Structure formats: structure tokens, C-alpha cells
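In: Got a predicted model here, sequence first, then my questions.
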Amino acid sequence: MTSAQGAKQSAGSSSDVGGDLRAFRWTDIPAAVRIEVEAFPYDPWSVETFWSELAQVPSGALYLAAVTEGRIDGYAGMTFVDADAHLQTLAVIPSLRGRGIGRHLLTALLAEATGRGMRRCLLEVKPDNDSAIALYQRTGFTELGTRPGYFPGGEPALVLELPLGERV
């Protein structure tokens, strides 16, 4: 079983959240870049950034796509370094938010991190991204601190942490 299959199996059925999860593919990059521009207009990932991130799969990272009838509804990626998982990105088409797609992607990645023996998950989020912060807090993330000047324009990032183990 591949990591993506294990993550999908751990996440359960996706029929109620707008699509199936599958491994993110190189051919998904153009659609992901379009979503990036909508979801993160202040600092969207480039094609080159996606290529660089996907080069770490499968040993050092996992990227998943939520797909409905061939359309990418969202995607998320996590890297694994030592005993830490790091949520690199999570994006959903803005018009599809609130349907559980982001939660489904996050749950699958956290299950994979737990399966790989990671002890915690870390992430950075913009302080004004209320919907993302709410999702992370509902999942059990707590604030660890801030990173000054992390985002373009000098805006800080909130650093959130989730201890992993039996809870995922």
C-alpha cells in the first residue's frame, strides 16, 4: 500500500466532502497554481515551488489532491523531518470552502504523519486567516508562537503545533 493509499484509507469515505483523495500528481500543478492565485493572492506558490516540493515525495513528503469528476477541489502537502511533520500548504477553491474538503485533506495528512511516527505537526498561518485558524483549532492545534516577517510585506505568521500519537 502506498502512503497516499494509506492516508486515504485512514481518512475514510470522502463522498460527503466533495471528492476523493488521491496522491497529488505532477500534472496537477497547473490547476494547483490557479487555486493558489485565488486562495493566496498575497504570496501564491509558483510552478517551480510545486516541483521542488513534489521532488521530496514519497520519503520526505506527502501531497494529496481532493478530486471531483476530474477537477481538483483542493490539495495539501506535508513534509516529514526527523520527528516533526510540517504542514506546507492546504488550499481549497474558495467557492468550495466550508464543505469539509480542507478538514478531509488535513485529517488524511495527520493520519500519515502519525503512521510515520511523527511526534508533532507544525504549521504557519496568517493571523487574519480566521477560517484556517478555526479549522486548525478544531483539530487540536494550539499556538506555539509567532514568526516575525514570515509573509510578504513583513506580516508575522502564527506558528501552531499539534502533538501526534493515538489521537489522530
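Out: Thanks, I have the structure now.

In: contacts and neighbour counts: CA atoms only from here.
Out: OK.

In: any residues touching the host helix or strand of residue 51, and which ones?
Out: Using DSSP states H and E, residue 51 sits within helix 47-54. The contact list for helix 47-54, computed with CA atoms under 8 Å, 6 or more residues apart in numbering, reads 26, 29, 30, 33, 61, 63.

In: quick one: strands adjacent to whichever strand in the chain runs longest?
Out: Of all the elements of type strand in the chain, the one with the most residues (DSSP state E) is strand 71-81. Here strand 71-81 has these sheet partners by DSSP bridges: strand 61-68 (antiparallel), strand 84-92 (antiparallel).

In: Show me which positions of it end up buried.
Out: Going by neighbour count (16 or more other CA atoms under 10 Å), the buried part of strand 71-81 is 72, 73, 74, 75, 76, 77, 78, 79, 80.

In: thought residue 31 was touching residue 73?
Out: No. Counting by CA atoms under 8 Å, residue 31 stays clear of residue 73, with 9.2 Å between them.

In: average pLDDT across stretch 21-34?
Out: Mean pLDDT, computed over stretch 21-34, is 96.

In: Contacts for that stretch next, please.
Out: Contacts of stretch 21-34 (CA under 8 Å, 6+ apart): 4-5, 8, 14, 44-47, 50-51, 54, 62-67, 72, 74-75, 105.

In: Mind checking which of these are buried?
Out: Going by neighbour count (16+ other CA under 10 Å), the contacts of stretch 21-34 have 4, 8, 14, 44-46, 50, 54, 62-67, 72, 74-75, 105 buried.
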